[in-house]
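> how would this look folded up:
(one chain, ligands or ions: 2)
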Amino acid sequence: MLSLIATALLALPSALASPVQLPFHSTASPSSTRLVPVALGVMSKCPDAMLCENVWDRVLETRVGGAGGVLVPGGGGGGAGGGKEGDVPRGEVSEFVSMELVYIGRENKTATHGVTCMHGDSECVGNMQQLCAAKHWTPADAASRHEGEDDELRAQLRGKQGWEDWWNFVQCMNYGDRSRIGSESAAKECARVAKRDWNESVASCVAGKEGRHLLLSSVRRAHKLGATKSCTVLIEDKPVCVHDGTWKECPAGHEVGDFVREVKESWVKLNVGGKAEEMGV
Ligand SMILES: *[C@@H]1O[C@H](CO)[C@@H](O)[C@H](O)[C@H]1NC(C)=O
Ligand SMILES: *[C@@H]1O[C@H](CO)[C@@H](O)[C@H](O)[C@H]1NC(C)=O
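Ligands and ions are numbered 1, 2, ... in the order given. Take a look at the predicted model:
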């Protein structure tokens with residue numbers, strides 16, 4: 001995905017120039033519709049999490065859609081949620097989803113960071129670095145970094161880069177020796193790679209109450225979602241697949257193409273299926 005930032009900049013103008021017509025939409029951009037919530041239940045130092053994040057990096061850069069975007073509502077007897085290739089506008093999967101990482105750990109009042117992390121306290125720090133980056137690197141900041149570029153392009157970036165910068169940060173942290181996760185020097189280096197500053201706001205988030213609070217909320221959220229194993233893939237808040245040593249509990253498959261298909265089906269259900277039903281089609 002890192003290399004794609006550059007190509008995305010090149011690709012955007014042409015995407016803007018060729019709006020896709022969907023019968024139940026007036027908007028052409030997948031990111032201006034309801035995004036598919038995708039969450040990965042992870043632990044920052046867990047090899048399964050790294051594998052999962054790597055697979056999802058490939059899912060996110062997969063191009064989908066096109067074929068004129070012609071949709072036959074309820075076609076094929078499947079009702080809402082058929083999810084064929086022609087049902088989604090042309091774009092990268094990254095434009096159709098909102099990504100979230102939720103961290104698996106055990107609440108523990110006596111632990112250094114309020115949580116026991118399976119791979120030690122440095123993993124808790126790694127989790128907090130990622131959470132603080134996600135919180136502090138807001139989309140508005142991303143847009144301001146592209147000042148001078150035209151408004152439409154900036155609007156697109158604003159929509160996307162809310163999560164893409166920290167996602168790239170996580171990919172960078174995963175690259176190389178696992179022991180560097182949780183170290184501040186690696187975080188600084190990866191912030192630079194993601195074209196962000198590891199400035200005082202984010203550093204003090206990690207070191208202070210804010211990071212601790214974010215970690216605790218995330219651990220509670222993972223628990224509530226039923227993500228007990230790293231890595232658990234959740235689409236629309238439902239576990240759809242687990243990698244724990246090996247792939248398991250993945251009824252709809254675990255290949256890149258399977259996740260792409262699941263996202264497309266979910267997007268159609270969220271954006272087209274419901275509307276088709278409302279209109280009595
Ligand atoms: C809670 O944290 C303390 C300090 O790290 C540790 O000794 C203890 O085993 C932890 N308890 C649980 C239930 O993980
Ligand atoms: C740190 O950077 C963020 C943008 O990424 C900005 O909003 C914030 O004000 C900066 N904080 C400091 C202390 O420089």
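
> Assign residue 201 to helix, strand or coil.
The three-state label given to residue 201 by DSSP: H, G, I helix; E, B strand; the rest coil is helix.

> my guess is it meets residue 135, correct?
No. In this structure, residue 201 is not within contact of residue 135 by CB atoms under 8 Å, at 9.6 Å. The way it works is simple: take the backbone N, C-alpha and C, and place the C-beta from them, glycine included.

> hey, where'd the strands end up in the stretch 151-281 of the chain?
Defined through DSSP state E, counting those that start in this stretch, the strands belonging to the stretch 151-281 of the chain, from first to last, are 232-235, 238-244, 246-248.

> I meant to write the stretch 1-150 of the chain there.
36-42, 63-64, 91-92, 97-103, 106-107, 115-116.

> Show me what the third one packs onto, helices and strands only.
What that stands for is strand 91-92. If you count contacts as 3 or more CB pairs under 8 Å, 6 or more residues apart in numbering; DSSP states H and E, strand 91-92 packs onto helix 2-17, strand 63-64.

> Buried residues in stretch 95-109, which are they?
Using 16 or more other CB atoms under 10 Å as the burial criterion, the residues of stretch 95-109 that qualify are 95-97, 99-105.

> no no, stretch 205-225
Across stretch 205-225, burial judged by 16+ other CB under 10 Å covers 205-206, 210-212, 214-216, 218-219, 221-223, 225.

> Now do residue 90, the pLDDT please.
For residue 90, the pLDDT comes out at 84.

> Ok, residue 64 next?
89.

> which regions of this protein sit below the pLDDT cut-off?
For the chain, applying pLDDT under 70 flags the ranges 1-32, 66-87, 140-161, 274-281.

> For the most centrally placed residue in the chain, which residues count as its bridge partners?
With distances taken as CA atoms, centre = their mean, the chain has residue 99 as the residue nearest its mean C-alpha position (2.0 Å). Each beta-bridge partner of residue 99 is listed here, defined by DSSP bridges: residue 38.

> Thought residue 60 was touching it, still the case?
Yes. The pair residue 99 / residue 60 is scored as a contact, 7.5 Å apart, by CB under 8 Å.
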